[in-house]
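Chemist: coordinates only, sequence not included:
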């Protein structure tokens, strides 16, 4: 896990074919939509799972690539769990990636973070971060001008920073990924079997 470092900077993700399903219609969402709660699952699911994650965190990427699909299949798609994603960016690249994903809006948000996680090894080390960010945003329906506008949104930047600070104060979050499952903290990208035990226990209460 990585320690918490939050500052402003711009970086993107390498273009991958996973974005092909997205329509190429330009335009970022309104500030209100970009700051909406990003979640998947039924709103009345008996268990709420909050994820504090950094798009530049390898452990977070591992969770999204290897573990979350199993959680989605067994618990989210069956209406048992609702997952809420909350930004906890570790460093400048992750902060910029969070802003872009949020500017894409709730409908595209989880598609954006998936492609960012899957291409993390490349974009995190790229010498032209804004160029890579513009590439992935363009194929996700955002133009270069949209990217520029998004990254200048002080209200969104403040929102993400405030959310991270609140996570530190409320749940003592200082590394990623950190989860709050039915009110209980869970640290690290643990195997699916561990999450299963925790979720099943929460469902049994």
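Modeler: Perfect, I can see it now. Keep in mind that what you see is a predicted model, and the values were worked out from it rather than measured. Residues are numbered from 1 along each chain as shown.
Chemist: Could you list the buried residues of the biggest helix by length in the chain?
Modeler: Among the segments of the chain that qualify as a helix by DSSP state H, the longest is helix 154-171. Using 16 or more other Cβ atoms under 10 Å as the test for burial, helix 154-171 gives 156-157, 159-161, 163-164, 167, 171. (Glycine included, C-beta is placed from N, CA and C.)
Chemist: And for stretch 41-57?
Modeler: Residues 41, 45, 47-57 are the ones in stretch 41-57 that count as buried (16+ other Cβ under 10 Å).
Chemist: Among those residues, name the ones in strands.
Modeler: Counting by DSSP state E, the part of the buried residues of stretch 41-57 found in strands is 47-53.
Chemist: how about CSV for those, with distance to residue 190 added?
Modeler: Below are these laid out as CSV (distance: Cβ to Cβ, whole Å):
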residue, distance to residue 190
47, 16
48, 18
49, 13
50, 15
51, 12
52, 14
53, 14
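Chemist: Columns pLDDT on top of the residues you listed, output as TSV?
Modeler: Formatted as TSV, these follow (pLDDT from 0 to 100):
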residue	pLDDT
47	98
48	97
49	98
50	98
51	98
52	98
53	97
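Chemist: Now do the nearest residue to residue 94 once chain neighbours are set aside against residue 192, distance only.
Modeler: Take residue 94 and drop its neighbours on the chain: the residue closest to it by Cβ to Cβ, 6 or more residues apart in numbering is residue 56, 3.6 Å away. According to Cβ to Cβ, to the nearest Å, residue 56 and residue 192 sit 23 Å apart.
Chemist: Equivalent analysis for residue 96, please.
Modeler: Counting by Cβ to Cβ, the gap from residue 96 to residue 192 is 30 Å.
Chemist: Which of the ones in strands among the buried residues of stretch 41-57 sits closest to residue 183?
Modeler: Closest approach to residue 183 among those (Cβ to Cβ): residue 48, at 8.5 Å.
Chemist: With that, I have no additional questions.
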